[in-house]
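Trainee: just to be clear, the model below is a prediction. Sequence and coordinates:
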Amino acid sequence: MLRFIHPPLALTLSATLAFANPLPSWNDTNAKARIISFVDQVTDPASDSYVTPAERIATFDNDGTLWAEQPLYFQLIFAINVIGTMAAEDPSILTSDALRAAANRDYKVVLAGGKEAIVEIMKISHAGMPVETFQARVADWLDSTTHPDTGLAYDEMTYQPMVELLVYLRDEGFKTYIVSGGGIHFMRVFAEEAYGIPPEQVIGTYTETTYSTDTGTPVITKAPAVGFFDDKEGKPINIDRIIGRRPIFVSGNSDGDFAMLDWSTSGPGPRLGLIVHHTDAVREYAYDRDGQIGVLNDGLDLGPGKGWLIVDMASDWARIYVGQQNGK
């Protein structure tokens, strides 16, 4: 059974507290003030910047924006664990350097293989089973595995300030979506309990699937082929295809989110783009321009000129993870 502690902490804020301080885990900096000012403007019917509830669409990347992504994407850690289990039962599946590295839990070699290695690991570890079976495995993994650095359960490593932001936006009439490079079947296991975002509002990468009634019961099975990779330009394409409205609030943390922020904030009327900048090496991780996870160059160089809000994790957030106590 999944252990999600975030909704009771963030979703049960009293109306009085939420009204007095809708973002309690944000420090009283310009970032917090600008978010609240934007929301006030677009929700005040007397404001020239008023936006009707139907148009209050907010989209969020997941990895590195709503929960952590180091030392590598959590879904990839899950997939590597699956490959190790599969290889113990049948070593013949290890037909490539990427798969052998995954079986040895060699994260460095896996990342060195780039997108092709990641896709191969995902395809082998995710395919050939009904969606329900796959999601049960994800749930079991989340319930039984802890992060190698923090010792926290992965479902405790969502960002408390961002969970509060999601709640605040919904309280103000926004509809919140995840738009992520992560897999939809993986994220849908925890998104509703973790973030209050239902499965139908989770947009992400998906594998091909097949439908059959061979067993007498209709079954949807995951196939070993990527149907759509929801990253970079794929994000605005999927938003247009699935949501049909350009978001007025959009948040990411890496250059994989640049196209989503750029397209969303280039529309008419009031809009706010937000980038989570990982600057806190003590409570989380500090990284941006270098590396293979969460690389951020264009957002730092071009974002401020486009009016985007760069959130400094170290100075703007009083608390990081939902599973941490007293900001530690």
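Mentor: Cool, got the structure.

Trainee: number of nearby residues for Leu166?
Mentor: Leu166: 24 surrounding residues under other Cβ atoms under 10 Å. The C-beta positions use only the backbone N, C-alpha and C, and glycine is treated the same way.

Trainee: if you could redo that for Ser144, that was the one I meant.
Mentor: When neighbours are counted by other Cβ under 10 Å, Ser144 registers 9.

Trainee: cool, Ala98 as well?
Mentor: Applying other Cβ under 10 Å, we find 23 residues neighbouring Ala98.

Trainee: who's in contact with it?
Mentor: Taking Cβ atoms under 8 Å, 6 or more residues apart in numbering, we find Ala98 in contact with Val109, Val110, Gly113, Glu116, Ala117, Ile118, Glu120, Ile121.

Trainee: neighbour-wise, which of the residues you listed leads?
Mentor: Val110 (27 neighbours).

Trainee: show the contacting residues for the residue nearest to it when sequence neighbours are not counted.
Mentor: Spatially, and ignoring its direct neighbours in sequence, Val110 is nearest to Ala101 (4.9 Å; Cβ to Cβ, 6 or more residues apart in numbering). Ala101 makes contact with Val109, Val110, Gly113, Ala117, according to Cβ under 8 Å, 6+ apart.

Trainee: which ones among those residues map onto strands?
Mentor: Using DSSP state E, no member of the contacts of Ala101 falls in strands.

Trainee: ok, so of those, who is nearest Arg34?
Mentor: Val110 (38.3 Å; Cβ to Cβ).

Trainee: ok, the closest one - contacts?
Mentor: Applying Cβ under 8 Å, 6+ apart, the residues near Val110 are Leu72, Leu76, Ile80, Ala98, Ala101, Ala102, Ala117, Ile118, Ile121.

Trainee: and of those, the nearest to Asp230?
Mentor: So of the contacts of Val110, ranked by how close each gets to Asp230 (Cβ to Cβ), first place is Ile118, at 13.8 Å.

Trainee: my guess is that closest one contacts Leu76, does it?
Mentor: Yes: between Ile118 and Leu76 there is a contact at 6.1 Å, judged by Cβ atoms under 8 Å.
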